[in-house]
Structures are given as C-alpha cells and as structure tokens.
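Trainee: Please find the sequence and the predicted model below.
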Amino acid sequence: MSTQHLPPSSLYSPSGGLPPQTQVMTDRAVFTNAYAVIPKGVMRDIVTSNLPFWEKTRAWIIARPLSGFAETFSQYIMEVQPEGGSLKPEPDTNAQGVLFVVEGEITIMLGKEPRVLSEGGYAYLPAGVTYEVRNNSSETAVFHWIRKRYDAVEGIEKPEALFLHEKNAVVVPMPDTNGAWATTRFVDPNDMRHDMHVNIVSFEPGGCIPFAETHVMEHGLYVLEGKAVYRLNNDWIEVEAGDFMWLRAFCPQACYAGGPTRFRYLLYKDVNRHVQLGSFVR
C-alpha cells in the first residue's frame, strides 16, 4: 500500500467566552439516539468542568458513557494554563488514554523521562501507568484527552506507551481515491494489543466518503480543520473546525468535503475485540 506525508497546519481549539445577549439562540446542536453534534459555538465558559487533582485547568467534556450516548469512551478538551496540570491525572487504573495537542505544549512525565508534546503531538498512555501532565510553557495549552477502559485479553500483553507527532506519522490514502481521502495512523491496525484507535482522517476539497458506512465501531469525531457536509443517519449536516460528532455503532455515515481547504478530524473508534454478549431470555 502506498503512503504519503502531509504537512501539519493550525488546529482548532475552543476559546470559551460568552456570546452577546443580542445573539439568536438557534445553532446546529443536535442530540439523537443515533448521533449527536456539539458545534463549536456551544463550548462556552459556563459548560466547562473542573477535575480532581488538576490545577489551573478546565475541561469541556464532550463525550461520556451514558444511556443513549457514548458507550465505550469519554473525550475531554483540556485547557491548561501556564504552571497548571496534574501530578495525578488519571484516577481509574483500568483506563487507558490518548492525548492529542491542538494548541501550545504540554510535558508528560512518565517515570523519570519528560516528553514534550507540541501542536500535533500524540501520546498513548496504557492503563495502570503512573504519569504527570504539566504546562511548563508561558502560553495556554489545549489538548484532547480520550479515555477508554482497557479490554484485556488473556494471552495478549498490554501495549506500551507511545509518544509521536502527526508530521512523522504515516498517512495512508484510501484505495482508488487518488489521495483525496486519507488516514493518519498512530498505531498499527493489526496490533491486537490495542482495543482503540485515535486517527486523523483527511479529505482534500471535493473528497468524499462515497457510500453510507455502517459498522460496529462507535465513533467520536472532532473537526480539526475545514468544513464539510456530513451524513449522520438520515440527515446531512454542515460541520466545521471545532465541531464534535458522536456516532453510535451502526449509524450510517458519509461525508463530502466542499473546501476551500482540506477537511480533517480526530477520530476515535473501538477495535480488535469480540462483541460483549449480554444475558437474554430464550
């Protein structure tokens, strides 16, 4: 399979604040049993959360396990002021995490080795590891924190920590698209140790998903750049940089990137595990 490398570019991060009292309230927010859209305009100061053991930090929690909503993951947008961060960021020893930086830089201390991640930086932190996250710079840092309880399999070891950057990751074009649709992969999809992937999906202007994808993976999509029309179940919805979409398993999806710039989003999906079977009555 051929590969290519795309240059990084400026990524969207929320700024908070409040709109004026004169602004109309109509927006693009949608919440259904099959999908949800949280547009960038609703990520205001009054919907942020504070978290235990985090200093000079606030979070927009845009996905959480909930009946009729995200089932396998949570996703936060973390805004950390200079000298802020946490010495105990993850309270759940069964939770793994992916951090992806969209503004500024953070330092992750894993053991005795500091790792500095700037815009476009990616970290995978396995369940049960002890680490710290700090903003040692003079500017605000913003990153996505995607958390999932690790689904361990007997005979398969847990993956190790990873620290990467999107500009050094392999970009894999989708077949028969002439590079119009591509995926930046941080983890080998054949590595059975991993039960979730966080990728970057890119479309050049005019690129599309040319059929209604319907599959078992749950999705979280945060738009990093550009704009597009996205098919969610039976609806076509305009989305742009800063918007978040949640798609339930089997929710049909498609996409058309209208331009004028490329359209890119950070994509979560659960992978590489059997379907969990519940009880049923015969």
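Mentor: Everything's here; your move.
Trainee: who does the helix or strand hosting residue 76 touch, helix- and strand-wise?
Mentor: Taking DSSP states H and E as the criterion, residue 76 maps to strand 74-86. Judged by 3 or more Cβ pairs under 8 Å, 6 or more residues apart in numbering; DSSP states H and E, strand 74-86 is in contact with strand 54-63, strand 105-110, strand 131-134, strand 141-149, strand 219-225. Bear in mind the C-beta positions are built from the backbone N, C-alpha and C, glycine included.
Trainee: After the last one, which helix or strand is next?
Mentor: The reference is to strand 219-225. strand 227-232.
Trainee: Which other helices and strands does that following strand contact?
Mentor: Looks like strand 227-232 contacts strand 235-240, strand 244-247, strand 253-256 (3+ Cβ pairs under 8 Å, 6+ apart).
Trainee: Direction included, what does the second one pair up with?
Mentor: For strand 244-247, the pairing partners within the sheet under DSSP bridges are strand 35-38 (antiparallel), strand 219-225 (antiparallel).
Trainee: What of the last one?
Mentor: Looking at strand 253-256 with DSSP bridges, its partner strands are strand 208-213 (antiparallel), strand 227-232 (antiparallel).
Trainee: can you check the first one too?
Mentor: Sheet partners assigned to strand 235-240 using DSSP bridges are listed as strand 227-232 (antiparallel).
Trainee: Run through who's touching the strand it pairs with.
Mentor: 30, 34-35, 37, 203, 209, 212, 236-241, 245, 247, 251-258, 263 (Cβ atoms under 8 Å, 6 or more residues apart in numbering).
Trainee: For it, buried residues please.
Mentor: For strand 227-232, the neighbour count (16 or more other Cβ atoms under 10 Å) marks 227-228, 230-232 as buried.
Trainee: Residue 49: which of these is nearest?
Mentor: residue 232 (25.7 Å; Cβ to Cβ).
Trainee: Got the confidence number for that closest one?
Mentor: Listed pLDDT for residue 232 reads 98.
Trainee: Same question for residue 253.
Mentor: At residue 253, pLDDT is 98.
Trainee: go on, residue 281?
Mentor: 51.
Trainee: hang on, the earlier thing: for the buried residues of strand 227-232, which one is nearest residue 184?
Mentor: For these, the minimum distance to residue 184 (Cβ to Cβ) is 17.0 Å, reached by residue 228.
Trainee: beta partners for the closest one?
Mentor: Here residue 228, judged by DSSP bridges, has bridge partners residue 239.
Trainee: what's the closest non-adjacent residue to residue 235?
Mentor: Once flanking residues are discounted, residue 235 sits nearest to residue 30: 7.7 Å by Cβ to Cβ, 6 or more residues apart in numbering.
Trainee: With residue 104 instead?
Mentor: Counting by Cβ to Cβ, 6+ apart, residue 104 lies nearest to residue 141, which is 3.4 Å off, once chain neighbours are set aside.
Trainee: roughly how far apart are the one you found and residue 132?
Mentor: For residue 141, the distance to residue 132 equals 14 Å [Cβ to Cβ, to the nearest Å].
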